[in-house]
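Colleague: Please find the sequence and the predicted model below.
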Amino acid sequence: QVQLVESGGGSVQAGGSLNLSCVISGYTYSSASVGWFRQAPGKEREGVAAIYRSDGQTYYDDSVKGRFTISQDRAKNAIYLQMNNLQPEDTAMYYCFAGGNWFLREYAHWGQGTQVTVSS
């Protein structure tokens, strides 16, 4: 059974930083993408960042490039999202995902989410 457990969300002021963590268990597809998507109330789900487990190649949505950094610790089966210069429009529930197709914004498995709230 695949499980993804996110942590690290919270409330910050604009310009602040947060570091999200996700521990993935039960998922062993080594060439898959893992990453983060977010969803704000009343809005569509939005892919944020992805990293390919095999070679560490990373991808970002244009809205977060230069501010967010995704990384992985394969030994711990964990991924992280360092978020800097947060803005109110980054407010959303952030979900860790594993598998699917990043380029089609399709996700096979995801966690319960962690809330990020940015105030102006």
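Modeller: Sure thing, it's come through.
Colleague: Count the neighbours of Val23 for me.
Modeller: With neighbours defined by other Cβ atoms under 10 Å, the count for Val23 comes to 16. C-beta coordinates here come from the backbone N, C-alpha and C atoms, glycine included.
Colleague: which other helices and strands contact the helix or strand harbouring it?
Modeller: Using DSSP states H and E, Val23 falls within strand 18-25. Applying 3 or more Cβ pairs under 8 Å, 6 or more residues apart in numbering; DSSP states H and E, one finds that strand 18-25 makes contact with strand 3-7, strand 33-39, strand 78-83, strand 92-101, strand 114-119.
Colleague: does Phe103 count as helix, strand or coil?
Modeller: Here Phe103 takes the helix state, with states given by DSSP: H, G, I helix; E, B strand; the rest coil.
Colleague: Numbering from 33 from now on, please.
Modeller: Sounds good: first residue 33 from here, last item Phe135.
Colleague: Need the per-residue pLDDT for it.
Modeller: Per-residue pLDDT puts Phe135 at 92.
Colleague: got the contact list for the closest residue to Val148 other than its chain neighbours?
Modeller: Excluding the flanking residues, the one nearest Val148 by Cβ to Cβ, 6 or more residues apart in numbering is Gly41, at 4.9 Å. Listed by Cβ atoms under 8 Å, 6 or more residues apart in numbering, the contact set of Gly41 reads 50, 52, 126, 146-148.
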